[in-house]
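[1] sharing a model prediction with you, sequence too.
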Amino acid sequence: MSPAIHIKNLSFEYKGNTRKAIRQINLQVEQGDRFGIFGPNGAGKTTLMNLMTGLLSYTSGSVQLLGHEAKNNKKIINTLFGFVPQDFSFYHELSPVENMEFFGAWAGLNKSQIRQRINDLLNIMSLQDVRNKPVNQFSGGMKRRVNLAIAVMHEPPILFLDEPTVGVDVQTRHAIIKYLKVLNDNGTTLVYTSHQLKEAEDLCNKIAMIDEGRIIANNTLNELLKEHKQDGLEGLFLNLTGREYRD
């Protein structure tokens, strides 16, 4: 069985910057993992996720999703993952239904599939009562739920999540994490990054710590806590990356 994600000797630098943002990263995420990627600001987390999802193009190394090289098989790759970015990724003037219709069609679903998925996801996300209202009238938490619904319209086997609960209240955060666990129980591989370390500790079973574009730790959370004699992810984070300010 192919791993969900296999990264080999991946490097990347932004134009005009001689310092590599990603440096010779090797990483494997197995199917069914709840995999967390953590590090200080500027460590390379979002860059790495953008390389895995094709938002950035790499020229050095390899990124494979379920055995398919990402840069060579974009049509296939786009069906294999959903992405919940930190910034809202929908049309603010449209309603949840209109957004999901658009992105469902873009993902290749037929009209019947789109109708069924919209109905299911509106119920799951508690958005039935506002299904036809413009999203620009929504609270931050409701917008986060729309963002997530769009990402899972096509029931992707891999779901990337970049700060999926930033700016939401406790109830919304709890509901989103609960739903992510249900997705994972049904076979979806989760790849997650966040500064919410307590939330991450509850969600993730495996983690990679990244700093200055390099992987500095990669194992199950329990093994890393044991190895570094820490009792939580926050302590492990500080132990591995230091306590100094990061820009």
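    Great, that's in hand.

[2] element containing residue 217, please.
    If you go by DSSP states H and E, residue 217 is part of strand 214-220.

[3] pick out the residue closest to the middle of this protein.
    For the chain, the residue nearest the mean C-alpha position is residue 161 (1.8 Å; Cα atoms, centre = their mean).

[4] any idea what that one is bridged to?
    Residue 161 forms beta bridges with residue 84, residue 192, as assigned by DSSP bridges.

[5] which parts of this protein are helices?
    Taking DSSP state H, the helices of the chain run over residues 45-52, 74-80, 96-106, 111-124, 140-151, 170-185, 197-203, 221-227, 233-241.

[6] returning to what we had before: was I right about the residue nearest to the centre of the chain contacting residue 84?
    Yes - using Cβ atoms under 8 Å, residue 161 is in contact with residue 84, at 4.7 Å. Heads up, the C-betas are built off the backbone N, CA and C, glycines and all.

[7] now residue 1: closest residue in space that isn't a chain neighbour?
    In space, and not counting its chain neighbours, residue 1 is closest to residue 31: 6.4 Å by Cβ to Cβ, 6 or more residues apart in numbering.

[8] quick check: phi and psi on the one you found?
    With angles defined as degrees, to the nearest 10, residue 31 sits at phi -60, psi 130.

[9] how far away is it from residue 75?
    Going from residue 31 to residue 75 by Cβ to Cβ, to the nearest Å gives 21 Å.

[10] the two: which is more packed in?
    Of the pair residue 31 and residue 75, residue 31 is the one with more neighbours under other Cβ atoms under 10 Å, namely 15 against 8.

[11] any regions of the protein where pLDDT drops low?
    18, 244-247 (pLDDT under 70).

[12] what bridges to residue 10?
    Beta-bridge partners recorded for residue 10 (DSSP bridges): residue 25.

[13] what's around residue 24, how many residues?
    By other Cβ under 10 Å, 14 other residues sit near residue 24.

[14] for it, give me its contacts.
    Applying Cβ atoms under 8 Å, 6 or more residues apart in numbering to residue 24 gives the contacts 9, 10, 11, 61, 214.

[15] redo the residues you listed as TSV? Include neighbour count and distance to residue 204.
    Shown next, in TSV, are the contacts of residue 24 (neighbours: other Cβ atoms under 10 Å; distance: Cβ to Cβ, whole Å):
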residue	neighbour count	distance to residue 204
9	11	25
10	20	21
11	16	25
61	16	24
214	15	20
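
[16] okay, these in a markdown table with distance to residue 128 next?
    Formatted as a markdown table, the contacts of residue 24 follow (distance: Cβ to Cβ, whole Å):
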| residue | distance to residue 128 |
| --- | --- |
| 9 | 48 |
| 10 | 42 |
| 11 | 47 |
| 61 | 45 |
| 214 | 46 |
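
[17] pick the one among these closest to residue 127.
    residue 10 (37.2 Å; Cβ to Cβ).

[18] about what we covered before: residues contacting the residue nearest to residue 1?
    If a contact means Cβ under 8 Å, 6+ apart, then residue 31 has 1, 2, 3, 4, 66, 157, 187, 189 as its contacts.

[19] ok, residue 28 next?
    Contacts of residue 28 by Cβ under 8 Å, 6+ apart are 3, 5, 6, 7.

[20] tell me how far the last one lies from residue 172.
    It refers to residue 7. Counting by Cβ to Cβ, the gap from residue 7 to residue 172 is 32 Å.

[21] for residue 226, give its distance to residue 34.
    For residue 226, the distance to residue 34 equals 19 Å [Cβ to Cβ].

[22] neighbour count: those two, which is higher?
    Between residue 226 and residue 34, residue 34 has the larger neighbour count (other Cβ under 10 Å), namely 22 against 11.

[23] who does that one form a beta bridge with?
    For residue 34, the beta-bridge partners are residue 190 (DSSP bridges).
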